[in-house]
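A.B. asks: The sequence and its predicted three-dimensional model are supplied below.
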Amino acid sequence: MGISIIKVMQAITINSSSHVSTLETAIQNRLDPPFNNIPLRICQIHPESVVERLMDPQTPISSFFPEEAKAVSFNILVYSLSQL
């Protein structure tokens, strides 16, 4: 049993001054049970790079993307903590 690719590849609109934990909640709210209660590991990634940077849940999203403050979208990767 897994999550379909349609559930995984989505765009979520959220204020960049929000904390990463707010983004985690927004992602979980789009998932069906039992996936909507699984803690997530959210990482920053730049399109030209494969380097991931863990995003602390209590930190504002804007602190991870200061140079891209006017960007239309940001790239992140999300993992289930239960699969790490």
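C.D. replies: Sure, I can see it.

A.B. asks: and Q44, helix, strand or coil?
C.D. replies: State at Q44, reduced to three classes by DSSP: H, G, I helix; E, B strand; the rest coil: strand.

A.B. asks: Please tell me how far it sits from I12.
C.D. replies: The spacing between Q44 and I12, counted by C-beta to C-beta, to the nearest Å, is 15 Å. In short, each C-beta sits where N, CA and C put it, glycine included.

A.B. asks: Can you show me the strands along this structure?
C.D. replies: Using DSSP state E, the strands assigned to the chain run over residues 40-45, 52-54, 76-80.

A.B. asks: The last one: which residues count as buried?
C.D. replies: If I follow you right, that is strand 76-80. Within strand 76-80, the residues scored as buried using 16 or more other C-beta atoms under 10 Å are I76.

A.B. asks: and what of the first one?
C.D. replies: For strand 40-45, a neighbour-count test (16+ other C-beta under 10 Å) marks 40-44 as buried.

A.B. asks: Could you list every helix and strand in contact with it?
C.D. replies: For strand 40-45, the helices and strands in contact under the criterion 3 or more C-beta pairs under 8 Å, 6 or more residues apart in numbering; DSSP states H and E are helix 20-29, strand 52-54, strand 76-80.

A.B. asks: mean confidence for stretch 50-61?
C.D. replies: Summarised as a single mean, pLDDT over stretch 50-61 is 90.

A.B. asks: show me what contacts A26?
C.D. replies: With C-beta atoms under 8 Å, 6 or more residues apart in numbering as the criterion, the residues that contact A26 are 12, 14.

A.B. asks: shift numbering so it begins at 858
C.D. replies: With the count now opening at 858, the last piece we talked about shows up as A883.

A.B. asks: Thanks again, I'm all set now.
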